[in-house]
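> what follows is a predicted structure for the sequence shown.
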Amino acid sequence: MTDILQLPGWDVIPPVRLEGGQYVITANYTTPDTACQKCGVIGRLYRHGTKTLMYRDTPIHGKPSVLAGTVQRYKCRDCGETFVQVPAGVEAARRMTSRCVEYIQEQCLRDTFTRLAEHVGCVEGTIRNIAGGYVEALNAEYEPYLPVWLGMDETELDGSLRCILTDVGSNQPIDLLKDREKRTIVGWLWKFRDRTHVKGLAIDMYKAYKDAARTVFPGLPVVIDKWHVLRYANEAVDTIRIQAQQSLEDRVRMGWKRNRLQLLSRYKNLNEKQRFNLDAWLANVPDLHVAYWLKESFYDIYDAKTKEEAAELLDAWRASVPARMRRAKKDFKPLLTCTANWRDEILAFFDYPITNGYTEALNGVAKVISRNGRGYSFPIMRARLLFKPKRPKHQALKLERGRDPSVRPKLLAKFSNTCQSCGGIYEPEYLYVTRMGPFMEGEPTVNATLLCGTCKVRFHTEGIKRHDSHST
């Protein structure tokens, strides 16, 4: 029988039982102790009975598992104290195997604590304690760096606005700060003695970011991400559309709403039918016609070849905005205000055409983390954003229409009897070969890996064959 436990020094006593929705593995620990745990004297121990302890282990077949381990009790002839031996491969204080703790540490940055507790078969507080210690260790080892181009943005996490710092040149997260105040950002920047390699910062229109940059990097370029500017133009057009459709009947108003994306698209990107419909629409609504072409001409500024040309186009555009569209905060006034207050930083884009798109994408990731794990503390959310482990690449195996009888032994030899998703140990007949990507005629190579039944259902619904189907 295959050693399902695979821990050194343990002898498994078959059979493995399924009790109360979890697998129970009975085993004896056979490696004797030689030194007293109390006084440290060697060779003065004698056996003093046995004790059965329960150790939580990694999941098996998608179910929690527990090791019912019989360990030896000893008594020391010198000091007279008794103790229970601590087996290899377990953490006695947590009553878990070491690999179970490692499994929780790895998965706590991927899955929610509640689901991980259900998967392992322990209480959520245990997961939080292990994750908290793991995060502290990661933070102690982590050393943020100052990139050539630093991206700054904020996102709301745990009820507060946090500052996200990224390397926009190599698309890497650098740090997540507790707030977005100037003193916090300046304090973080001052930690780096060597700042000569920094070429500039990419930010949105938040004054604290610019002030922090001016304090620590006087004279260094600060670039406003162009999408933060362009969105004001889109918002102005959409607002004027909403105002214009208020007096229309419901059927027409809903038609305008469904076709709003045509207003927000560039005219040059529309097909012939869309242009015809848009022209007819704008011809009947004068204010919307003016707003749309103001938006288009503002987009054209970013097509300029030089900074000087862009400055001329910007000045001409500002002068072309009608007076009736300059007054309300819901039309072009916000765009006129930001182009006046942030003119230098907006035009700096034409000298340094870099965007903050990666930082914005990371904001979305942070929001998903916060939404999926309600109640996470700030250190946990920071760790999940910065230290989330990368999934291993699937190994490519040559497989011709699923008839290669060598697939099963190759995978078992490479990965042992381990599910490549949850890390559980399984008998070969309970593992599945998962094919990644389309499997077509004339395509001899696919990616394959091993999954247990639970992970197969969770991650894949098609293209899966049982192991034994490849060995026939």
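Done, it's in.

> in what helix or strand does A291 lie?
helix 286-301 (DSSP states H and E).

> would you mind pulling up the elements that that helix packs against?
helix 226-244, helix 272-283, helix 307-320 (3 or more Cβ pairs under 8 Å, 6 or more residues apart in numbering; DSSP states H and E). Glycine gets a C-beta too; all of them are placed from N, C-alpha and C.

> and that helix with helix 272-283, angle?
Helix 286-301 runs at 130 degrees relative to helix 272-283, counting by axes from the mean of the first three to the mean of the last three Cα atoms, to 10 degrees.

> picking up where we left off before, got TSV for the helices and strands packed on helix 286-301, with mean pLDDT too?
Output for the helices and strands packed on helix 286-301, formatted as TSV (pLDDT from 0 to 100):
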stretch	mean pLDDT
helix 226-244	88
helix 272-283	88
helix 307-320	94
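
> quick revisit: report the buried residues of the helix holding A291.
For helix 286-301, burial by neighbour count (16 or more other Cβ atoms under 10 Å) applies to 287-292, 294-295, 298-299, 301.

> related to what we said a few turns ago, what's the most buried one of the helices and strands packed on helix 286-301?
Burial of the helices and strands packed on helix 286-301 is given as mean neighbour count (mean count of other Cβ atoms under 10 Å); helix 226-244 ranks first at a mean of 18.

> just the mean pLDDT for the helix holding A291, thanks.
Helix 286-301 carries an average pLDDT of 91.

> R115: what secondary structure?
Of the three states, R115 takes helix under DSSP: H, G, I helix; E, B strand; the rest coil.

> count the residues that sit near it.
If you count neighbours by other Cβ atoms under 10 Å, R115 ends up with 14.

> go on, F332?
F332: 29 neighbours (other Cβ under 10 Å).

> on the pLDDT front, check it for me.
89.

> OK, contacts around it?
233, 236, 291, 294, 321, 325-326 (Cβ atoms under 8 Å, 6 or more residues apart in numbering).

> got phi/psi on it?
phi -90, psi 0 (degrees, to the nearest 10).

> that one and S320, how far apart?
Noted for F332: a distance of 10 Å to S320, by Cβ to Cβ, to the nearest Å.

> between the two, what contacts are shared?
With Cβ under 8 Å, 6+ apart, F332 and S320 have common neighbours L294.

> can you pull out the low-pLDDT segments for the stretch 1-150 of the chain?
The model of the stretch 1-150 of the chain has pLDDT under 70 over residues 1-2.

> M54: neighbour count?
12.

> quick check: A93 is in a strand.
No - per three-state DSSP, A93 lies outside any strand segment and is coil.

> from I130, how far out is it?
Using Cβ to Cβ, A93 is found at 11 Å from I130.

> again with R384
According to Cβ to Cβ, R384 stands 14 Å off from I130.

> quick one: contacts of the helix holding A291?
Under Cβ under 8 Å, 6+ apart, the answer for helix 286-301 is 230, 233-234, 236-237, 240-241, 243-244, 263, 266-267, 278, 281-283, 310, 313-314, 317, 320-322, 324-325, 331-332, 335.

> ditto for stretch 230-244
So stretch 230-244 is contacted by 256, 260, 263-264, 285, 287-288, 291-292, 294-295, 298-299, 302, 325, 330-332, 334-335, 338 (Cβ under 8 Å, 6+ apart).

> cool, stretch 257-265 as well?
234, 237-238, 241, 245, 270, 274, 277-278, 281, 288, 292.

> how distant is the helix or strand encompassing C163 from the center of its chain?
Here C163, judged by DSSP H and E, is contained in strand 160-167. Computed by Cα atoms, centre = their mean, to the nearest Å, the chain-centroid distance of strand 160-167 equals 15 Å.

> right, and the helix or strand after it?
strand 172-177.

> from the contact counts, what lies against that next one?
Checking 3+ Cβ pairs under 8 Å, 6+ apart, strand 172-177 ends up next to strand 160-167, helix 182-190, helix 378-386.

> which one of those lies closest to Y29?
helix 378-386 (34.5 Å; Cβ to Cβ).

> and the closest one with strand 172-177, angle?
Using the same axes, to 10 degrees: helix 378-386 against strand 172-177 is 170 degrees.

> any idea of the mean pLDDT in helix 378-386?
Summarised as a single mean, pLDDT over helix 378-386 is 88.

> rewinding a little: now the contacts of F332 in a markdown table, please, with extra columns for distance to I13.
Shown next, in a markdown table, are these (distance: Cβ to Cβ, whole Å):
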| residue | distance to I13 |
| --- | --- |
| A233 | 73 |
| A236 | 75 |
| A291 | 79 |
| L294 | 80 |
| V321 | 83 |
| M325 | 82 |
| R326 | 84 |
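
> farthest-separated two in the residues you listed?
Checking the contacts of F332 with Cβ to Cβ, the most distant pair is A233 and R326, at 14.0 Å.

> higher neighbour count, A93 and I130?
Using other Cβ under 10 Å, the more surrounded residue of A93 and I130 is I130, with 24 against 7.

> neighbours of E81, how many?
Neighbours of E81 (other Cβ under 10 Å): 12.

> look up the closest residue to it, ignoring the ones flanking it.
Among residues not flanking E81 along the chain, K38 sits closest, at 4.0 Å (Cβ to Cβ, 6 or more residues apart in numbering).

> and V123, by the same measure?
In space, V123 comes closest to A117 once its chain neighbours are excluded; the distance is 6.2 Å by Cβ to Cβ, 6+ apart.

> so who does the one you found touch?
So, once contact is read as Cβ under 8 Å, 6+ apart, A117 ends up touching 123-124, 126-127.

> done for today, thanks.
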